[in-house]
Structures are given as structure tokens and as C-alpha cells.
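[1] Turn this into a structure:
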Amino acid sequence: MAQLTVQQELVLQQKNAQVQAVLHAADNLDSKAAGLVQAGGLIVALSSAVSISGYIAANPSPIILIALAVAFLAFMLMLVFAIQAWLPRTVEMPGTRNWDEIFNDYINEEPDKCFEQVLADAIEAIRQIDDLNLRKAQRVYWAAWLLGAQVAGLLIASVFVSLQ
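    Below you'll find the model as predicted:
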């Protein structure tokens, strides 16, 4: 049986490294989503503990109520986006898991044909994981903006509470 050329081996190593890199990027996006949820929860907890008496005054101004509603809505939407970023991955890893296909497409095949199949599998896996990462990144991006809206709403509420 013929061996793969040095070039073919290098290409396969490179594609394997790319698959690992895009999988690592997905894990990083999951971590960022978790960090945003933790930060948002901390902001809500601290602002509630520090200024709850001002927020529940007998007659709070409409601006305070609107700012609190914006902060609460931003927190809830941030949670939705972060959870969507964490959703289970529906990505196929390179290649097949079916023994007959493995035997026919890889083992019982010429090295060049096997190389082409493995390369095509790796490229498809990279494309799928890149698509997943793009969706994750978009959700993390919006979650970060919503964290900012949450902070802004609480700051506005705090300013108006202090002016009452």
C-alpha cells in the first residue's frame, strides 16, 4: 500500500489543527457568554442591595421606573442571548462513524482518494463549526450590548433616586 506524501500529511495536520482551533473558539465564546451572565447577575444583585429603598419609595418618578424596566428587560434579553449561545452544538465532526463507509471510503481506497476524502471531511467540519461560531459570536455580541444597556438603566435610575 502506498504512503501519503509529505505534502498530504502536512495538509492533513493543518486541517486537523484548524478543526481544533475553531472548536476552541466555540469554547471561548461559551465562556464569554457565561461571563456576561455572571456580570449581569452581579450588577443586578449589587444595585438591588445598595439602593432598594430608593427604588421602592412610596412615589418613585416615572423615569426611575422606566430605567429599572429597561435594566430588567436588558438583563432578561441578555440571558436569552447567552443561553442561545450555549445551546448544544449540532456540528458533525470530520468523517463518518459507519464502519462500512470507513472501510469503503478510507481503508479500502487508494491513498490519494483517501486523502481527498479526509480533506473534504475536515473542510466541511471547519465550515460547520465556523457557521456555529458566527451565530454564537452574534449572540455574545448582543448580550454584551444588553449588559451595557442594563448598566445604563441602573445608572439612570440611581441618579434620579439620588435627586429625589
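[2] Report the residue spans of the chain with pLDDT below the cut-off.
    Scanning the chain for pLDDT under 70 picks out the ranges 1-2, 46-58, 88-92.
[3] Tell me, how many residues neighbour residue 74?
    Counted with other C-beta atoms under 10 Å, the neighbours of residue 74 add up to 22. C-beta here means a position set from N, CA and C on the backbone, and glycine is covered the same way.
[4] How about residue 100?
    Using other C-beta under 10 Å, residue 100 has 8 other residues around it.
[5] Secondary structure element holding it?
    Here residue 100, judged by DSSP states H and E, is contained in helix 99-102.
[6] so what does that helix touch, helix or strand wise?
    If contacts are counted by 3 or more C-beta pairs under 8 Å, 6 or more residues apart in numbering; DSSP states H and E, helix 99-102 sits against no helix or strand.
[7] List the buried residues in that helix.
    Across helix 99-102, burial judged by 16 or more other C-beta atoms under 10 Å covers no residue at all.
[8] next structured bit after that helix?
    helix 111-163.
[9] Once you drop chain neighbours, what's closest to residue 142?
    Among residues not flanking residue 142 along the chain, residue 81 sits closest, at 4.9 Å (C-beta to C-beta, 6 or more residues apart in numbering).
[10] chain center to the helix holding residue 100: distance?
    33 Å (C-alpha atoms, centre = their mean, to the nearest Å).
[11] which ones are touching the residue nearest to residue 142?
    33, 139-140, 142-143, 146 (C-beta atoms under 8 Å, 6 or more residues apart in numbering).
[12] Compute the distance between it and residue 72, please.
    15 Å (C-beta to C-beta, to the nearest Å).
[13] Please state the backbone phi and psi of residue 110?
    Backbone torsions of residue 110, given as degrees, to the nearest 10, read phi -60, psi 150.
[14] For it, give its distance to residue 13.
    20 Å.
[15] before we move on, what about residue 64?
    For residue 64, the distance to residue 13 equals 60 Å [C-beta to C-beta].
[16] Also residue 126?
    Distance of residue 126 to residue 13, given as C-beta to C-beta: 14 Å.
[17] Could you give the number of residues near residue 45?
    By other C-beta under 10 Å, 10 other residues sit near residue 45.
[18] So it versus residue 80, what's the distance?
    Residue 45 is 19 Å from residue 80, by C-beta to C-beta.
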